[in-house]
Each structure stands twice: as structure tokens, then as C-alpha cells.
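Colleague: Kindly return the folded structure for what I paste below:
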Amino acid sequence: MSGDGIERRWKLAEDIIREAGRLARAFFDNRASLSVEQKGLQDFVSRADKETEALIVSRLGRDCPQDGILGEEGGRYDDKGHGDAGHSVWVIDPIDGTANFLRGLPFWCISLALVHEGRLELGLIYDPVRDELFSGRRGHGAFLNGQPIRVSGVNEAARACIGLGYGHRMRQQPHVEAIDGLLRQGCEYRRFGSGALGIAYVAAGRLDGFFETHLNSWDALGGLLLVAEAGGELNDFLANDGLMRGNAVLATTPGLYGFVAGIVGFE
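Modeller: Numbers count the residues shown, from 1 in each chain. I've put the predicted structure just below:
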């Protein structure tokens, strides 16, 4: 794909994710009327998730019909774009932080990423509550509402604040041990209930790092491109078929990568 093709998709993705954000925000403001299904322990899906994803899929299918699409709610929409050479695939999370969304907590977002020839090219995270669009392209930087962003540059544990994610499908003990290890080193931590938003906050310097033992690609890829373009350090999420199987996520400002890796036992 040419650079112009990536550039066109970047601008298109910004328009689509804002349009999807308007729809999701309308559902958020009227969430009492939503029907909710439970997919697993503390894992929910609503009409808002499904209709927001459907909007994104419809727009991408119209404007980028040759690209593959992988969505959290709908799975793989066709057999194109597995991240292999010569293929492009859009990776969608229509609402990351659905539990927060349904409770009226303003920590949720929409995540969109483009993988081309097995390489992450575009990443976008949109927070409709705050009207914050985090957007980046490989080799062209990361931006928040059009302004360049950088990771914090913090390199001391006693000044750092690390985001930690946790899903109930994972074992509890590693998460508990990570919290204990950070606190023992004088480090602060946060858990927002949205991995995508937490990773975007690393790119913007609001958090100094983020770790979760496993995230699906739709939760992670949009934010990881932002961190890379904002000067951060991160693990190779796409290794070992991370696109389809998910992977661990460690993304930090460079001076803290080794410290956080040691605390959480990540290799």
C-alpha cells in the first residue's frame, strides 16, 4: 500500500471514529434504556456496542472494501486481511470499558487500528465524553486533538504512576503481586477499567506505563501505535499471532520499561 493510501485511511478513520463516538455518546446519555447481555464474569455487551461496531464496519466496508475487518463483537467479517503480507486489516473495539459505560462512569472509549502486511500502521482512540481524539500513524507521530503528544520521560519509581489492567478470565495473583511490588517501590498505580484508554494515557504522558497480562488485539493495538509514536517503549504485541490470540501488554516511558518489567515478572 502506498503512503497516500495510508494517509487517506488515516483521515477516513478519524472521521469514522468521531461519527461512531457521537452514536456511542447518545447511547451513554440514555443508557438506562439499553438491554445488556453478559458474555462472561464481569464481561458485558449492549446494543450500544453492537450498533457502534456496525456503523464502523459499514463505513469501512464502503470506503475500504478491499480491507479486512476484525471486530470485538462481530469477529472477522470476511476472509481478507489477516495481517499477512499484502493484506490490511482494521481492528475495532466499539466500546472499550463497557462495564464503566453501563454504570455511567466516564472512562470508556472507541479504539481503531490498521495492520498492514503484519505491521501496525494506524492507531486511534476516541473518548467521546471528553471529546479527545488520540490519533497516530507509524513514522508520523502521535496527536491529541491535532496537537503532538509525548510520553512523560519519568525515570524514577518514586515519581511514577503505572496503569494496571485486569480481566476476570486471568489469575488474580499476578495482578495482586504487581500492585504490591509497585507500592513497595514507592510507585503509584491506577486501574481505569479500559485498557485502550490507559495505553493512550501513556502516550499522552498522563501515565508513565501500562501493564496487563493479556489483552485482545482490539483492546490494545490502537493505543500501542500511539505509544510507539510518542517515544515510548513496548513489547511486540503482534508476536505469536497476537492479532488473533491476543498477548501481554507492557508500554512505558523508556526509562521505566525495565523497572516495570521486573516488578510484574514480564520477560
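Colleague: quick one, what contacts Tyr201?
Modeller: Going by C-beta atoms under 8 Å, 6 or more residues apart in numbering, Tyr201 touches Gly163, Phe192, Leu207, Phe210. Using the backbone N, CA and C atoms, a C-beta is placed for each residue, glycine as well.
Colleague: Swap in 6 Å and give it another go.
Modeller: Contact analysis of Tyr201 by C-beta atoms under 6 Å, 6 or more residues apart in numbering lists Leu207.
Colleague: again with Leu144
Modeller: If you count contacts by C-beta under 6 Å, 6+ apart, Leu144 has them with Phe134, Ala204.
Colleague: measure Ala251 to Phe27 for me?
Modeller: Using C-beta to C-beta, to the nearest Å, Ala251 is found at 29 Å from Phe27.
Colleague: okay, the two: which has more neighbours?
Modeller: With neighbours defined as other C-beta atoms under 10 Å, Ala251 and Phe27 compare such that Ala251 has more, 30 against 20.
Colleague: how far does the helix or strand containing the more buried one sit from the chain's center?
Modeller: Here Ala251 sits within strand 247-252, counting by DSSP states H and E. A distance of 11 Å separates the centroid of the chain from that of strand 247-252, by C-alpha atoms, centre = their mean, to the nearest Å.
Colleague: Now do whichever helix or strand comes after that strand against strand 247-252, angle only.
Modeller: Sequence order places helix 257-264 as the next helix or strand after strand 247-252, per DSSP H and E. Put simply, helix 257-264 runs at 130 degrees to strand 247-252, going by axes from the mean of the first three to the mean of the last three C-alpha atoms, to 10 degrees.
Colleague: most remote residue from the chain's center?
Modeller: Distance from the C-alpha centroid of the chain peaks at Arg184, with 28.4 Å (C-alpha atoms, centre = their mean).
Colleague: what's the distance between that one and Leu105?
Modeller: In this view, Arg184 and Leu105 are 29 Å apart by C-beta to C-beta.
Colleague: how far away is Leu250 from Arg150?
Modeller: Separation of Leu250 from Arg150 (C-beta to C-beta) stands at 19 Å.
Colleague: Compare the two and say which is more crowded by neighbours.
Modeller: Higher neighbour count among Leu250 and Arg150: Leu250, with 20 against 15, using other C-beta under 10 Å.
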